[in-house]
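Engineer: turn this into a structure:
(chains A and B)
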Amino acid sequence: MSQLEHELRSLKDEVIDMWKLVQSQLSKALSALINFDKDLAREIVMVEKRVNGAELQIDRDCEDILALYCPVAVDLRFLLAVLKINTNLERTGDIAEGIAKLILETDRPFPQELFEATKIIEMFHESEQMVQQILDAFVNEDSSIARGIFVRDELLDDINRRANDLITDYLQQYPQDLHQALNVISIIRRLERVGDQAENIAEEIIFYIEAKVLKHTNKRIQE
Amino acid sequence: MENTIISSRNFNAYFGNVHAVKNVNIDIPKNNVVAVMGPSGCGKTTFLRCINRLHELTPGATSNGKMLLNNEDVYELSPILVRFKIGMVFQRPNPFPNLSIYDNVIAGYKLNGIKLQKKERDQIVESSLTKAALWNEVKDTLHKKGTFLSGGQQQRLCIARAIAMEPEVLLLDEPTSALDPISTASIEALLYELKKNYTLVLVTHNMQQAARVSDRTAFFYLGELAEYNVTKEMFTNPKDKRTQNYITGRFS
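Structural biologist: Here you go, the predicted structure:
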């Protein structure tokens, strides 16, 4: 194996480690939401620094490989994809941190009825599964798995679209839960963005493997 | 292809029984730089030497198929005429050691017995050295021997000598492999300028050079033209697995 191949393999391992860290942040955010666990929410905010550190390290490693090895073809596409995936993962980490901060500023636990009315837990699970699916696509270099994300994202979009009406209905019944309801809607907006980040990452994986640019195209047609 | 200047059709070249270039079909557009790359022994230099009929000068070397220059088969023209129209620059700078810079530039005319007035000679020397980006450096020492120049300057002198004959095509066989990075950069800058007036076919082992200076790249492997494409496409998304393995250094 050439030196460049070693470097690319270790870069891929770094990205996978960062991915797992971000997944863990999302999963802790879900647990903190369900259990109204402020200690866990604080932990997420603390760990966010590690996500940022991983992003900086991956950026630096990409720069070094570009400068020292001048990669071309599939290697160049891999590096360009990793640079963007890195940004998308860091933003996903920011979203987990944002959710944790919303939990920290909420004064009372979130009522179960609010979760059920908004389907936020279902949305959370779907977001986590999308992040896992796109990781599988990256690890196995399988663009067909990546393409599956574009359909999956529809559920998140649907819940997000209906959120205002659902929250309005809920608040007519439980006006005392206004603060919780507003924070839940903020969390729903953030989870919708997790879906967007997963879509962006899917586009980068397809670019890397197939050299096709799906940005600003109708992905359903491209499937 | 539009504006094609050189085309080969089912072109084969041999050294005795060794089949060095296999059934190559390629169209080279006018005023383009075409890089030819591939592992050692893949036939790229042999193919280059077939374009201006230098290959046949090697004992035992033969070829068949069509090699067209502006739709004329170069193998049906006089080899001298072909080499007027298709100049060549070699790997190591090779100015004539006993000739001055001035006489090196017009050596092609002298060797072919073409008589010129002094004024014409002066014009050709100045214009060729200017095109080769060497005039300003040597205009006061034109009657010194060419071998006093640095390696990079000598190579530019060889380019001036080649373009003094006003060829349509310039073949360059690893023209910078014996030069330092600064001289290499000046030759690469020169190639960019020269393509305005000439078509350049450049054999190179330096993939980054191919990527930097060429419009199209041809990849040869075991005598075959494995892939020929626009350089940007070749270096971002090669279509042939062999090209990908070569340019990413994965050849075993």
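Engineer: only C-alpha atoms from now on, for both contacts and neighbour counts.
Structural biologist: OK.
Engineer: does residue A:62 really touch residue A:78, like I thought?
Structural biologist: No: counting by CA atoms under 8 Å, residue A:62 sits too far from residue A:78 to count as a contact (9.9 Å).
Engineer: enumerate the residues of chain B near chain A.
Structural biologist: B:208, B:234, B:235, B:236, B:237, B:238, B:244, B:247, B:248, B:249, B:250 (CA under 8 Å from any CA of the partner chain).
Engineer: just put these in JSON lines and tack on neighbour count.
Structural biologist: Listed next are those as JSON lines, based on neighbours: other CA atoms under 10 Å in any protein chain shown:
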{"residue": "B:208", "neighbour count": "14"}
{"residue": "B:234", "neighbour count": "23"}
{"residue": "B:235", "neighbour count": "24"}
{"residue": "B:236", "neighbour count": "17"}
{"residue": "B:237", "neighbour count": "21"}
{"residue": "B:238", "neighbour count": "23"}
{"residue": "B:244", "neighbour count": "21"}
{"residue": "B:247", "neighbour count": "22"}
{"residue": "B:248", "neighbour count": "22"}
{"residue": "B:249", "neighbour count": "16"}
{"residue": "B:250", "neighbour count": "14"}
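Engineer: quick one: which of the residues you listed is nearest residue A:98?
Structural biologist: Proximity of the residues of chain B next to chain A to residue A:98 (CA to CA) peaks at residue B:236, which lies at 37.8 Å.
Engineer: give me the number of residues near the closest residue in space to the closest one that isn't next to it in sequence?
Structural biologist: Leaving aside its sequence neighbours, residue B:236 sits nearest to residue A:73 (CA to CA, 6 or more residues apart in numbering or on different chains; 3.9 Å). If you count neighbours by other CA atoms under 10 Å in any protein chain shown, residue A:73 ends up with 22.
Engineer: and for residue A:175?
Structural biologist: So residue A:175, with other CA under 10 Å, has 12 neighbours.
Engineer: quick one: contacts for residue B:212?
Structural biologist: Shown in contact with residue B:212 (CA atoms under 8 Å, 6 or more residues apart in numbering or on different chains): no residues.
Engineer: average pLDDT across the one helix or strand it maps to?
Structural biologist: Assigned by DSSP states H and E, residue B:212 falls within helix B:207-213. Helix B:207-213 comes out with an average pLDDT of 92.
Engineer: how about that helix: buried residues?
Structural biologist: Across helix B:207-213, burial judged by 16 or more other CA atoms under 10 Å in any protein chain shown covers B:207, B:209, B:210, B:211, B:213.
Engineer: tell me the one of the residues you listed nearest residue A:93?
Structural biologist: Distances from residue A:93 to the buried residues of helix B:207-213, taken by CA to CA, are shortest for residue B:211, at 37.8 Å.
Engineer: point me to the residue of chain A nearest chain B.
Structural biologist: Nearest residue of chain A to chain B: residue A:73, at 3.9 Å (CA to the nearest CA).
Engineer: hang on, that residue packs against residue B:239?
Structural biologist: No: judged on CA under 8 Å, residue A:73 makes no contact with residue B:239 at a distance of 9.9 Å.
Engineer: now do the helices in chain A.
Structural biologist: With DSSP state H as the criterion, chain A has helices at A:3-35, A:38-69, A:73-105, A:112-118, A:120-140, A:143-173, A:178-210, A:219-222.
Engineer: and the third one with helix A:120-140, angle?
Structural biologist: Following axes from the mean of the first three to the mean of the last three CA atoms, to 10 degrees, one obtains 160 degrees for the angle between helix A:73-105 and helix A:120-140.
Engineer: so helix A:73-105 versus helix A:178-210, what angle?
Structural biologist: Taking the same axes, to 10 degrees, helix A:73-105 and helix A:178-210 form an angle of 170 degrees between their directions.
Engineer: who does helix A:73-105 touch, helix- and strand-wise?
Structural biologist: Judged by 3 or more CA pairs under 8 Å, 6 or more residues apart in numbering or on different chains; DSSP states H and E, the packing partners of helix A:73-105 are helix A:3-35, helix A:38-69, helix A:178-210, helix B:231-236, helix B:241-247.
Engineer: what sits closest to residue B:48 if chain neighbours are left out?
Structural biologist: Take residue B:48 and drop its neighbours on the chain: the residue closest to it by CA to CA, 6+ apart is residue B:171, 6.9 Å away.
Engineer: tell me the spacing between that neighbour and chain A.
Structural biologist: 26 Å (CA to the nearest CA, to the nearest Å).
Engineer: how far away is that residue from residue B:12?
Structural biologist: For residue B:171, the distance to residue B:12 equals 19 Å [CA to CA, to the nearest Å].
Engineer: likewise residue A:1?
Structural biologist: Taking CA to CA, one finds residue A:1 at 35 Å from residue B:12.
Engineer: the more surrounded of those two?
Structural biologist: residue B:12 (23 against 8).
Engineer: in a strand, the more buried one, correct?
Structural biologist: Yes: the assignment for residue B:12 is a strand, going by DSSP: H, G, I helix; E, B strand; the rest coil.
Engineer: need the pLDDT of it.
Structural biologist: For residue B:12, pLDDT reads 98.
Engineer: distance of it relative to residue B:162?
Structural biologist: Residue B:12 is 27 Å from residue B:162, by CA to CA.
Engineer: list the residues that contact residue 178.
Structural biologist: Using chain A here. residue A:171.
Engineer: if you could check chain B rather than the one you did, that'd help
Structural biologist: B:91, B:92, B:151.
Engineer: turn those into JSON lines, columns for neighbour count and distance to residue A:30.
Structural biologist: Output for the contacts of residue B:178, formatted as JSON lines (neighbours: other CA atoms under 10 Å in any protein chain shown; distance: CA to CA, whole Å):
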{"residue": "B:91", "neighbour count": "16", "distance to residue A:30": "66"}
{"residue": "B:92", "neighbour count": "17", "distance to residue A:30": "68"}
{"residue": "B:151", "neighbour count": "19", "distance to residue A:30": "68"}
